[in-house]
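1. got a predicted model here, sequence first, then my questions.
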Amino acid sequence: MHIPEEHLRVSVLQADLHWENPEANRAMFEEMIWQLSSPTDVIVLPEMFTTGFTMSPEKWAEPMNLHTQKWMHQMAAQTHAAVCGSYIVQENGRYYNRFLWMQPDGKHFHYDKKHLFGLAGETLHYTAGTVPIVIAWRGWRICPMICYDLRFPVWSRLRAELQYDLLIYVASWPAPRVHAWNTLLKARAIENQAYCVGVNRIGTDGYGHYYTGESAVIDYTGIELFYAKETTAHATVSLDKKQLNKFRQAFPFQNDADQFKMLP
């Protein structure tokens, strides 16, 4: 199938989250969305954007098709853009750190975080996802990931069953390890010859962990197109698929990549 080569406008929203306060966070991000100065195609929110990175899912989880999903649909419909980010979802008696991709017409897709952060106890409270996904949107193929997934390159490695043009990582990545965040975002872009967008939060959470943000948009060569540290930020960056394809054709490194299959 022919995929049109177009620009994709991606908006990054970096903010200090209100701890375990979904209503306040939705209101804050709604205001930030309306502060975007130009049209956009994708709006990216951080990990657990309604609560912060909490280990109390039993208090804050929502079933699908409730407040946050409906709010995301409203935002998508009003901006004519896809709105995405992760929040806590309860399903069949389990809790998921779920990335939800919401389109203006209400069509949506989700990805459940595969690599749960055991150091913070996420493995004790949440159920891990098992399948990566690729979303087709306005001529682009987009692969969503969540925070700790960034440390595991095999999971996002470009391969026959996982072909994409853009990686999106939403995160709550704390300041003491932010050098790894900055380095690995570039590594994922370079090794997969793809654009990479990372959206992190700022401020201090309810456990006392401090976040410097450092959200970024990285091109397929590892060059930063956008970067914001320790500040509230809402910015839109245009990605060029024609230039991406031109680079992939000129430097077909993927042809020499190792062939493998993921085990269950």
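-> Perfect, thanks for sending it.
2. list the buried residues of stretch 195-211.
-> Y195, C196, V197, G198, V199, N200, R201, I202, G203, D205, H209, Y211 (16 or more other CB atoms under 10 Å). C-beta: built from backbone N, CA, C; applies to glycine.
3. surely the last one touches R201?
-> Which is Y211. Yes. The criterion here is CB atoms under 8 Å, and Y211 meets it with R201 at 5.0 Å.
4. between those two, which contacts overlap?
-> S172 (CB atoms under 8 Å, 6 or more residues apart in numbering).
5. in strands only, show me the buried residues of stretch 195-211.
-> Counted as lying in strands by DSSP state E, out of the buried residues of stretch 195-211, are Y195, C196, V197, G198, V199, I202, G203, Y211.
6. the residues you listed: which two are farthest apart?
-> Y195 and G203 (26.9 Å; CB to CB).
7. of the buried residues of stretch 195-211, which is the nearest to S38?
-> Closest to S38, out of all of these and judged by CB to CB, is V197, at 16.9 Å.
8. do I have it right that the closest one meets I43?
-> No. In this structure, V197 is not within contact of I43 by CB under 8 Å, at 11.1 Å.
9. hang on, W71 is in a helix, isn't it?
-> Yes. Remark: W71 belongs to a helix, assigned using DSSP: H, G, I helix; E, B strand; the rest coil.
10. can you check the pLDDT for E161?
-> With respect to pLDDT, E161 scores 88.
11. neighbours around it, how many?
-> The number of residues packed near E161 is 8, by other CB atoms under 10 Å.
12. now swap in A175 and tell me
-> A175 has 17 neighbours, counted by other CB under 10 Å.
13. residue contacts, it?
-> H209, Y210, Y211, T212.
14. could I get the residues you listed as a markdown table with distance to T127 and pLDDT?
-> Listed next are these as a markdown table, based on distance: CB to CB, whole Å; pLDDT from 0 to 100:
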| residue | distance to T127 | pLDDT |
| --- | --- | --- |
| H209 | 23 | 98 |
| Y210 | 28 | 98 |
| Y211 | 25 | 98 |
| T212 | 30 | 98 |
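15. can you put these in JSON lines and add distance to H179?
-> JSON lines is the format used below for these (distance: CB to CB, whole Å):
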{"residue": "H209", "distance to H179": "16"}
{"residue": "Y210", "distance to H179": "14"}
{"residue": "Y211", "distance to H179": "14"}
{"residue": "T212", "distance to H179": "10"}
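16. nearest to C147, of those?
-> Relative to C147, the closest of those is Y211; by CB to CB it sits at 11.3 Å.
17. quickly list what the closest one is bridged to.
-> Per DSSP bridges, the residues bridged to Y211 are G203.
18. how much space between it and M64?
-> For Y211, the distance to M64 (CB to CB, to the nearest Å) stands at 27 Å.
19. distance of the residue nearest to N97 when sequence neighbours are not counted from P39?
-> Using CB to CB, 6 or more residues apart in numbering and skipping residues adjacent in sequence, the residue nearest N97 is K113, 4.1 Å away. Between K113 and P39 the distance is 30 Å, computed by CB to CB.
20. neighbour-wise, which of these two wins?
-> Neighbours were tallied for K113 and for P39 using other CB under 10 Å; the higher tally belongs to K113 (25 against 11).
21. what about the stretch 151-264 of the chain, any weak spots by pLDDT?
-> Residue ranges of the stretch 151-264 of the chain with pLDDT under 70: none are present.
22. could you rerun that using 80?
-> 264 (pLDDT under 80).
23. going along the chain, name the helices of the stretch 151-264 of the chain.
-> Ranges of helices within the stretch 151-264 of the chain are 153-156, 178-192, 241-250, based on DSSP state H, counting those that start in this stretch.
24. tell me the most buried of these?
-> helix 178-192 (a mean of 19; mean count of other CB atoms under 10 Å).
25. for that helix, what is the distance to the chain centroid?
-> 14 Å (CA atoms, centre = their mean, to the nearest Å).
26. give me the contact list for that helix.
-> For helix 178-192, contacts defined as CB under 8 Å, 6+ apart pick out 150-151, 153, 156-158, 164, 167, 169, 171, 173, 194-196, 198, 200, 212, 214, 216, 218-222, 224.
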